[in-house]
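K.L.:
Generate a structure from the sequence data that follows.
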Amino acid sequence: MATTPIQITPGQKLSIINGKGIIELQNDSLNGYGYKIRTTSPNAYKVEPNIGIIKPLDSLKIYVTMKDKKPGCNDKFNILIYEFDHKKSFEELKEYISNEKTPFISRILQVDNIINDKPTLQAEKSSLFLILTILMLIFLSPTLIRNFLTL
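P.N.:
As a prediction, the model looks like this:
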């Protein structure tokens with residue numbers, strides 16, 4: 001399997017945990033590249049930055065934030081990498097990408113493992129039961145101790 005100068009992490013599936021995910025791009029070459037990230041649901045995600053320049057031997061993180069969307073989606077992200085002179089401006093990159101039809105690398109990431117760590121109703125009931133049990137022991141313990149001592 002041939003290695004590419006740009007390493008994309010994660011490789012196939014982007015985990016969204018509590019509405020947030022991270023895509024990392026690592027440039028292992030002495031050349032610069034440009035990138036653009038697209039999604040099948042642009043209104044459901046905020047991607048920062050969704051377009052940019054990767055300098056030689058540099059890495060960067062792209063932050064994905066899920067907006068009000070429910071788990072179980074089939075959303076995808078497409079990471080497009082273009083050969084681009086890293087010394088050029090951001091505006092030149094945007095123009096280059098709009099005119100360039102074929103990216104150097106194209107990787108599809110499936111959104112996976114959408115997890116919300118908000119407490120479930122069962123967890124809330126268990127916590128409430130534990131709190132009530134502790135309170136009951138606190139208030140009843142003097143009576144229990146007196147009864148035990150009188151034995």
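
K.L.:
Name the next helix or strand downstream of the helix or strand harbouring residue 15, please.
P.N.:
Residue 15 is part of strand 13-17 when elements are defined by DSSP states H and E. Note on strand 13-17: by DSSP H and E, the next helix or strand toward the C-terminus is strand 20-27.

K.L.:
mean confidence for that following strand?
P.N.:
With pLDDT averaged residue by residue, strand 20-27 scores 95.

K.L.:
One more: stretch 81-88?
P.N.:
If you average the pLDDT over stretch 81-88, you get 93.

K.L.:
ok, and what's touching it?
P.N.:
With C-beta atoms under 8 Å, 6 or more residues apart in numbering as the contact definition, stretch 81-88 has outside contacts at 6, 25, 31-36, 53-56, 93, 96-97, 100, 103-107. Quick note: C-beta positions are derived from backbone N, CA and C, even for glycine.

K.L.:
Output the strand holding residue 15 in PDB, but only the C-alpha positions, please.
P.N.:
Output in PDB follows, covering the C-alpha atoms of strand 13-17 (Å, rounded to 0.1, in the frame of the first residue of the first chain):
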ATOM      1  CA  LYS A  13     -15.100   6.900  10.600                       C
ATOM      2  CA  LEU A  14     -15.400  10.200  12.400                       C
ATOM      3  CA  SER A  15     -16.700   9.900  15.900                       C
ATOM      4  CA  ILE A  16     -18.900  12.700  17.200                       C
ATOM      5  CA  ILE A  17     -18.800  12.700  21.000                       C
END
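
K.L.:
What residues sit buried inside it?
P.N.:
The neighbour-count check on strand 13-17 (16 or more other C-beta atoms under 10 Å) flags 14, 16 as buried.

K.L.:
what does stretch 14-31 give?
P.N.:
Across stretch 14-31, burial judged by 16+ other C-beta under 10 Å covers 14, 16, 19, 21, 23, 25, 27, 31.

K.L.:
Which elements pack onto the strand holding residue 15?
P.N.:
strand 20-27, strand 59-66, strand 105-115 (3 or more C-beta pairs under 8 Å, 6 or more residues apart in numbering; DSSP states H and E).

K.L.:
worst average pLDDT in those strands?
P.N.:
Taking the mean pLDDT of the helices and strands packed on strand 13-17, strand 105-115 comes last: a mean of 84.
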